[in-house]
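Chemist: with the input below, show me the fold.
(2 chains)
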Amino acid sequence: MKESKAILNSLRPQSDVQVQQTKAFIKELEQKCQTYWDMVEVGDELSRELHITPELVILYADGVEDFNPWYEAWRMNSWRIPGDSPFGGAIVPPLLVSHFVLSVQFDHTRPFAIGSIHTYHDSEILAPIPVGATVRITTRAVDKYEKRGRRYVRHDAEVVDTEDGTVYFRETRDILSL
Amino acid sequence: MNERSASDFPSMRITADTPIGYELQPVKKRAVIQLMGSRLWGRFNPNHWDPDYAASTGLDAPIQTGEMSSAYIAEMCVNHFGADLFRNARVVCKYVASTLANEVITTHGVVREKTAEGDGFRFRVEVWCDNEAGEKKTVGWVEASVGA
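Modeler: All right, here's what the predicted structure looks like:
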């Protein structure tokens, strides 16, 4: 449902200095970025470790207003706590690691390609991830294709515990590239 | 043990007795522009939070990252599958239309298949998100095993 420009701007009120800061930030993003289509060759494999801290989980869950206590290993006043879930301590929301694949599948030392859109994911949730785990996310570019005049990049991803090798998560995902 | 999903709302939990056609209880969220543009979610792309930039790229408004609607669907499914959504489960989502800032998004789910597996069942649930006008934004399906 389309909102008017005035309504949209009222959703994010800004003073003049904030407007200037926003423009400067966007200009910097635009100057640095390159399209994902150009950054990726089929067969490219990238891998990074992610320490899933209690605070990271809270940031993720609060952004989608998911207040399930199973995810809480950080609580105001107590701060870090073991948490409580059917698996013992606090666990990671089922699709959290999917959100971080984007930071692995493209060269993270380069800026994000603004304007690209995530269009599809097929995610296998194999085992619960304890909050506090360190995981290795590995991605492999498996296809680049065009469909109805649009360019897509397809990756496979796998998430593994760095300590005991537990495979937590697998995914196939598409990004619509500029 | 914290069993919020199972004990606080026992009528929602999908069990071996849940029939095909069972409708999951929705969750409802507003696409709040400040959350869409938070550092963890969408700050890296002004299409997710800046109306002027979004307009310059042809969008009617800033758009949510699709993964936010996937998270909404996952929340609905955790409410119904509990711990069973965290082992041997599958979530497939296709983002068929953009979720615009300030829209109210509702999740939906309907059990479409139920297949015997071990001592339990494998459920397949059709899932989708739509806005106040009923326009679909995300479509897909979720599978989880109960009592297997």
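Chemist: which strand runs longest in the chain?
Modeler: Here I'm looking at chain A. strand A:134-147 (DSSP state E).
Chemist: my bad, the chain I had in mind was chain B
Modeler: strand B:104-117.
Chemist: hang on, the earlier thing: the longest strand of chain A pairs with which strands, and in what direction?
Modeler: Applying DSSP bridges, strand A:134-147 is found paired with strand A:45-51 (antiparallel), strand A:150-161 (antiparallel).
Chemist: okay if I get those strands as TSV plus mean pLDDT and mean neighbour count?
Modeler: No exception for glycine: its C-beta is placed from N, CA and C like everyone else's. Output for those, formatted as TSV (pLDDT from 0 to 100; neighbours: other C-beta atoms under 10 Å in any protein chain shown):
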stretch	mean pLDDT	mean neighbour count
strand A:45-51	97	14
strand A:150-161	97	20
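Chemist: distance to residue B:110 added to the ones you listed, as a markdown table?
Modeler: Below are the strands paired with strand A:134-147 laid out as a markdown table (distance: least, C-beta to C-beta, whole Å):
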| stretch | distance to residue B:110 |
| --- | --- |
| strand A:45-51 | 34 |
| strand A:150-161 | 28 |
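Chemist: compare the ones you listed and give me the one nearest residue A:141.
Modeler: strand A:150-161 (5.5 Å; C-beta to C-beta).
Chemist: and the next helix or strand past that closest one?
Modeler: strand A:167-177 (DSSP states H and E).
Chemist: which residues are in contact with that following strand?
Modeler: A:35-37, A:97-98, A:101-102, A:105, A:113, A:116-129, A:135, A:142, A:150-161 (C-beta atoms under 8 Å, 6 or more residues apart in numbering or on different chains).
Chemist: that one pairs with which strands, and in what direction?
Modeler: Short version: by DSSP bridges, strand A:167-177 pairs with strand A:117-125 (antiparallel), strand A:150-161 (antiparallel).
Chemist: how about these, which one is nearest residue B:146?
Modeler: strand A:117-125 (14.4 Å).
Chemist: what's the weakest-modelled helix or strand in the chain?
Modeler: Reading this off chain A. Sorted by mean pLDDT, DSSP states H and E, the helices and strands of chain A end with helix A:5-11, the least confident at a mean of 81.
Chemist: wrong one, I was asking about chain B
Modeler: Per mean pLDDT, DSSP H and E, bottom of the list for chain B is helix B:51-56, a mean of 90.
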